[in-house]
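> Attaching a predicted model along with its sequence, questions to come.
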Amino acid sequence: MKKLINSPETVLADSLVGVAAAHPELRVDHVNRIIYRAAPTRAGKVALLSGGGTGHEPLHGGFVGVGMLDAACAGAVFTSPTPDQMLEATKVVDSGAGVLHIVKNYTGDVMNFEMGAELAAETGIVVSVVVVNDDVAVEDSTFTAGRRGVGTTVLLEKIVGAAAEEGRDLAAVTAVARQVNESGRSMGVALSSCTVPSAGKPTFELPENEMEIGVGIHGEPGRRRVPLAGAAEVARQLVEPILADLDFTGAPTIVMLNGLGGTPLIELYVMYAEVRKILDAAGITVARSLVGNYITALDMAGCSVTILKADDDLLHLWDAPVNTAGLRWGI
Amino acid sequence: MKKLINSPETVLADSLVGVAAAHPELRVDHVNRIIYRAAPTRAGKVALLSGGGTGHEPLHGGFVGVGMLDAACAGAVFTSPTPDQMLEATKVVDSGAGVLHIVKNYTGDVMNFEMGAELAAETGIVVSVVVVNDDVAVEDSTFTAGRRGVGTTVLLEKIVGAAAEEGRDLAAVTAVARQVNESGRSMGVALSSCTVPSAGKPTFELPENEMEIGVGIHGEPGRRRVPLAGAAEVARQLVEPILADLDFTGAPTIVMLNGLGGTPLIELYVMYAEVRKILDAAGITVARSLVGNYITALDMAGCSVTILKADDDLLHLWDAPVNTAGLRWGI
Amino acid sequence: MVNDTISLDQLTGWLTRFRDLVTEQVSYLTELDSAIGDADHGSNMTRGMGAVVERIQASPAGTVDELFKGAGMTLVTSVGGASGPLYGTFFLRVGTTAGPVGTLDAPGLAAALRAGLDGVVARGKAEAGDKTMFDVLAPALDAFDDALLVSSDISSAAGAAYSAAQTGRDATEALLARKGRASYLGERSIGHIDPGAASTSLLFQALAEILVKE
Amino acid sequence: MVNDTISLDQLTGWLTRFRDLVTEQVSYLTELDSAIGDADHGSNMTRGMGAVVERIQASPAGTVDELFKGAGMTLVTSVGGASGPLYGTFFLRVGTTAGPVGTLDAPGLAAALRAGLDGVVARGKAEAGDKTMFDVLAPALDAFDDALLVSSDISSAAGAAYSAAQTGRDATEALLARKGRASYLGERSIGHIDPGAASTSLLFQALAEILVKE
Ligand SMILES: Nc1ncnc2c1ncn2[C@@H]1O[C@H](COP(=O)(O)OP(=O)(O)O)[C@@H](O)[C@H]1O
Ligand SMILES: Nc1ncnc2c1ncn2[C@@H]1O[C@H](COP(=O)(O)OP(=O)(O)O)[C@@H](O)[C@H]1O
Ligand SMILES: [Mg+2]
Ligand SMILES: [Mg+2]
Ligand SMILES: [Mg+2]
Ligand SMILES: [Mg+2]
């Protein structure tokens, strides 16, 4: 394992020191491993809290700031944070208008956030929850863990953050969150696994001529291993299942081409070109684009495509100013 | 070689299609491989042109936009663009106030830009040049190719872009560029080489327990191969030569912790934490921080540190609004 | 000699031995999780049980409920992931059901463990055959209860539970995962032992071992 | 038979043969550049000479200067990097010095090549021993000139030049680079043949081969 770290045990704590040093506009609680905006939640503003395992940076800490999250709880690498973190963060960010928990649909995240929300409710804080489950690689069923939460999380945090910033109330903010989750779909591909620091070696080995289609963001194997293909063919394998799952015609869409951490930007742009060709051919209108590393899996090589069916309100919220380490415009 | 591309020959052309699709605020000349702002240069504004080999994204194309570059010429992977590209771009961006060429100090880049500037001068355009040479890994000497241009290029394009946007004239803009170059120093480390698409395999192999200290941004071996170390020790090996080369005390500094393309953000923050500890101990004031992938070497794993000795003017220019794909704030 | 009670010391020894086993097997647990999960189960369990034992050593529990509630809270607040709430809830319920006692008799232990299992199900909604820790916990407790019908010897009941746990663990290999991270793999989850099933088997190994030892 | 002139056709054949050689040796050139540079010299030369020959085939040159100026311009505008301006300037100067003729005699070819070398030096400021293409170009042209003092046979002069080129190329292995990318490696540049030196040796191999062939 080759990593720029001090030790597997200290990765999270050390990286939080770096975040604090680089971002005076954030406040880091090193004991509870929570990243907050430096300024407290404006009275009356619904607060947005998210969190998850470390290793997906900039998600979620990189999306704390004006126009997006109020706080993010950080867990160990690929491990959900714990209920006490969620309780603490919820208490700190609540201004009285309630707190929306944005949870990616993984058993661990759901259970830990659930316990955190139960504890927070006991203190009288109104907590509302959205569970993001947008990964079309996974069959949806109430008898299983359901779909994973992946790329749509990024778009949701941005859009819902803007809704909260505008002063919408908890019900309205939650409704926007649900709408975004129901309208977003993602699919990912890996050319390599990643190396979890504490594991010390790649989670799986992938031969030179193969790729994993339908991966999430935890360096796990995907739905199937297939021969490595060119960018155009890979784009087809990612976009087709998304389009088969939801009709994206007749509405403006927001499209994200996301890198999984080990893939350089130039390849992401090559992929984005191919994705756009497919969407153009399918008569889908792309109103906004985002290309880069936004929700990653440590050093995994690969990418994911997220398509969100938007409307005027969502586009308006998307365009609203945002000032975070990972996404910034208009401010 | 595992890459999300269609073929080694088409990487550059395909990625430019992606850039054009993702960024309506840019205009891409696919024939000449030049990225421009969509809007022409404001009359009287000095224009900034840079360019270089592909594979360093977001540099340079990702830094075209309000507050930074007016255009960027793209060469083949790790290969300087050609004089005809620089001529064409210079002609297009000149508004009559002259054009500053920002050139990284590599033999190829210097010669090609030189020929491009000669051709532009023949058409009557006033061209001024700054050659960035900030890499302390390389001994400086007039009898050699001198120091490489690396991380300072990013800070320079931002700061000088703001100076041009303010309406300073070509002499003043060039003076700022020179000041930044003289005040910035960088040093890089690699944990792996990268794979040049046309070469099809890594430029060099690095055993599990070794790293290359003093690398540039072309996947090349560095000054020396040393045992792999923890983040704190790596930071020391990067920062000490920088501090030995220039006195950074008594002035505000801008510090960039840059990823080389294959290293995830979390490791960059871990490294930034260590760099800051060293700078704090050395009594150096860090006024602004930048952590992320800004000047890369394809999928090379590793990072570089850049420290710029600033002053009030440079900080003011740094803080000025910028709107590019790679750096954005205030707008 | 028949051991028909288990003392606070022995229960403390159980947790300590469990810590030792997950620490020894950290790579094995993580390798199982690499195949069908996210390669962290070994480090999750080691971190959690390390914290549990540290806490016990710093301030030893005075009663059985204190011991297990403390362990459960420590797991809940130090592990995260799926295993944190699940193991945490298990021990919290064990503690609540055991109550503020110094010793448990065989039926008392059985009832406490069964309450733990119920907690896991309430939290995770797993059913038999979903390829989770449930597929070890449930048959192990059934075997424990069955053994107590024959004899009140906790030691041999723990042996029976461990034996059923191993069988349950190995049986997860053939299952298609319907809960947890492995379910994302669909058919590809077949052919691998579930990491949580393996760590739960270690839990019963620890219990059997500390009872035999004495 | 003494070949004391070289025709436009032969010179065109030279460039075509050079294209073939760099294409055949693309991996070799890139491997040399991987050791002490950025792994692109093979693809740079192949792309550039490919464009040169395509251009020649699309619109054959009528005179020697047209041929080489066209080749030089094509290299300058299609290669980039260090080799583009250097090889480009070389051929541009060769063309300018050769002039609008259909054939070159031995001294004429020698003078044109020498002008090319001067162009490379003017552009790149390399000196002997800097470990660049200069360390092949200069000794090869010296050998060419020396051979012409003995006989006006271009074919044998080209053979002598190629032989000197190979010696020059191999001698770069022991040198410490002072120009170009390899100079960043300092001492570590020693022990590797310079990629530009290797491609320039192919240039003289091509010349020797097309003259022998006929
Ligand atoms: N819903 C559930 N009910 C019971 N056990 C579960 C459930 N989901 C997951 N598990 C158990 O958790 C184990 C994984 O734990 P761990 O790897 O520590 O957490 P994570 O999956 O969050 O990375 C699985 O092997 C499985 O035994
Ligand atoms: N200043 C110079 N003078 C002469 N030749 C040079 C000079 N700098 C570099 N070269 C030659 O160029 C070769 C490298 O070419 P190439 O790899 O195509 O370009 P780059 O170095 O830009 O990647 C070197 O091997 C060397 O022979
Ligand atoms: Mg996990
Ligand atoms: Mg090059
Ligand atoms: Mg796991
Ligand atoms: Mg090269």
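Nice, I can see it. Ligands and ions are numbered 1, 2, ... in the order given.
> all helices for the chain, in order.
With no chain named, the answer covers chain A. A:11-22, A:83-93, A:107-122, A:152-165, A:170-183, A:231-245, A:265-281, A:312-319 (DSSP state H).
> not what I meant, chain C
Ranges of helices within chain C are C:8-24, C:26-36, C:41-58, C:64-78, C:83-98, C:106-124, C:134-150, C:154-171, C:195-213, based on DSSP H.
> Just want the angle from the fourth one to helix A:107-122.
Yep, that's helix C:64-78 we're talking about. Angle between the axes of helix C:64-78 and helix A:107-122 is 110 degrees (criterion: axes from the mean of the first three to the mean of the last three CA atoms, to 10 degrees).
> near chain A, anything from helix C:64-78?
Yes. Using CB under 8 Å from any CB of the partner chain, helix C:64-78 comes into contact with chain A via C:76-78. Just so you know, the C-beta spots here come from the backbone N, C-alpha and C atoms, and that holds for glycine as well.
> follow-up on the earlier one: let me know which of the helices of chain A is the nearest to residue C:157.
helix A:107-122 (30.0 Å; CB to CB).
> Check whether that closest one comes near ligand 3.
No. Using CB under 5 Å from the ion, helix A:107-122 stays clear of ligand 3, with a minimum separation of 5.8 Å.
> Buried residues in that helix, which are they?
A:107-117, A:119-120 (16 or more other CB atoms under 10 Å in any protein chain shown).
> cool, stretch C:36-48 as well?
For stretch C:36-48, the neighbour count (16+ other CB under 10 Å) marks C:36-48 as buried.
> now swap in stretch C:174-190 and tell me
Across stretch C:174-190, burial judged by 16+ other CB under 10 Å covers C:175-186, C:188-189.
> Equivalent analysis for stretch A:196-214, please.
The neighbour-count check on stretch A:196-214 (16+ other CB under 10 Å) flags A:196-199, A:202-204, A:206, A:211-214 as buried.
> Report the distance from it to the chain centre.
Distance of stretch A:196-214 from the chain centroid (CA atoms, centre = their mean, to the nearest Å) equals 21 Å.
> do it and chain B meet?
Yes. If you take CB under 8 Å from any CB as the test, stretch A:196-214 does meet chain B, through A:206, A:208, A:211.
> low-confidence ranges in chain C?
C:1, C:213-214 (pLDDT under 70).
> Ligand 1 contacts on that one?
Within chain C, the positions near ligand 1 by CB under 6 Å from any ligand atom are C:33, C:37-38, C:40-41, C:44, C:81-83, C:86, C:120, C:124-126, C:132-134, C:179-181, C:194-197.
> Flag every buried residue along stretch A:214-225.
In stretch A:214-225, residues buried by neighbour count (16+ other CB under 10 Å) are A:214-223, A:225.
> same deal with stretch C:59-73?
So for stretch C:59-73, counting by 16+ other CB under 10 Å, buried means C:61, C:63-73.
> what do you get for stretch A:323-331?
Buried residues in stretch A:323-331, defined by neighbour count with 16+ other CB under 10 Å: A:323-329, A:331.
> what does stretch C:141-156 give?
Buried, per 16+ other CB under 10 Å, within stretch C:141-156: C:141-145, C:147-148, C:152-156.
> So what touches that stretch?
C:2-6, C:105-107, C:109-110, C:113-114, C:117, C:157-161, C:163-164, C:208, C:211-212 (CB atoms under 8 Å, 6 or more residues apart in numbering or on different chains).
> ranking the residues of helix C:64-78 next to chain A by neighbours, who comes first?
residue C:76 (24 neighbours; other CB atoms under 10 Å in any protein chain shown).
> For that residue, give its distance to residue D:130.
Taking CB to CB, to the nearest Å as the criterion, residue C:76 is separated from residue D:130 by 67 Å.
> residues touching residue 7, list them.
No chain was given, so I picked chain A. residue B:230.
> hm, I was asking about chain C
By CB under 8 Å, 6+ apart, the residues touching residue C:7 are C:102-103.
> try it again with 6 Å
Neighbouring residues of residue C:7 by CB atoms under 6 Å, 6 or more residues apart in numbering or on different chains: residue C:103.
> about what we covered before: report the two of the buried residues of stretch C:174-190 separated the most.
Using CB to CB, the buried residues of stretch C:174-190 reach their maximum pairwise distance at C:179 and C:188, which is 15.6 Å.
> now the farthest one out in chain C, which residue is it?
residue C:187 (26.8 Å; CA atoms, centre = their mean).
> Find the nearest non-adjacent residue to that residue, please.
residue C:176 (6.5 Å; CB to CB, 6 or more residues apart in numbering or on different chains).
> So the one you found sits against residue C:190, correct?
Yes. Taking contacts as CB atoms under 6 Å, residue C:176 lies within contact range of residue C:190: 5.3 Å.
> What distance do you get for the residue of the stretch 201-331 of chain A found nearest ligand 1 to chain B?
Distances between the stretch 201-331 of chain A and ligand 1 by CB to the nearest ligand atom are smallest at residue A:218, namely 7.4 Å. Distance of residue A:218 to chain B, given as CB to the nearest CB, to the nearest Å: 13 Å.
> Got the phi and psi for the residue nearest to that residue when sequence neighbours are not counted?
Excluding its sequence neighbours, the residue lying closest to residue A:218 (CB to CB, 6+ apart) is residue C:38, at 3.7 Å. Residue C:38 adopts backbone torsions of phi -120, psi 20, taken as degrees, to the nearest 10.
> My read is that residue C:38 contacts residue A:216, right?
No. The criterion here is CB under 6 Å, and residue C:38 misses it with residue A:216 at 8.6 Å.
> related to what we said a few turns ago, closest to residue B:258 among the buried residues of stretch C:141-156?
Once CB to CB is applied, the member of the buried residues of stretch C:141-156 that ends up nearest residue B:258 is residue C:141, at 55.2 Å.
> What's opposite residue C:103 in the beta bridge?
residue C:7 (DSSP bridges).
> pretty sure it is touching residue C:9, no?
No. Here residue C:103 lies out of contact with residue C:9, judged by CB under 6 Å, at a distance of 9.5 Å.
> Pull the number of nearby residues for the residue of the stretch 1-150 of chain A found nearest chain B.
Per CB to the nearest CB, the residue of the stretch 1-150 of chain A with the smallest distance to chain B is residue A:18, at 3.3 Å. Residue A:18 is flanked by 26 other residues according to other CB under 10 Å.
> Next: the one 4 residues further on.
By the criterion of other CB under 10 Å, residue A:22 has 24 neighbours.
> Next one: the closest residue to it other than its chain neighbours relative to ligand 4, how far apart?
Distance criterion CB to CB, 6+ apart; nearest residue to residue A:22, sequence neighbours excluded, is residue B:289 at 4.1 Å. To ligand 4, residue B:289 is 31 Å away according to CB to the ion, to the nearest Å.
> coming back round to it: can you sort out which of the buried residues of stretch C:36-48 also neighbour ligand 5?
Within the buried residues of stretch C:36-48, those near ligand 5 by CB under 5 Å from the ion are C:37-38, C:40-41.
> need the contact list for residue A:87.
Per CB under 6 Å, 6+ apart, neighbours of residue A:87: A:116, A:119-120.
> Find the residue closest to whatever residue of the stretch 1-150 of chain A ends up closest to ligand 4 in space, skipping its chain neighbours.
The nearest approach of the stretch 1-150 of chain A to ligand 4 comes at residue A:2, 25.5 Å away (CB to the ion). Computed as CB to CB, 6+ apart, the closest residue to residue A:2 that is not its neighbour in sequence is residue B:191, at 4.2 Å.
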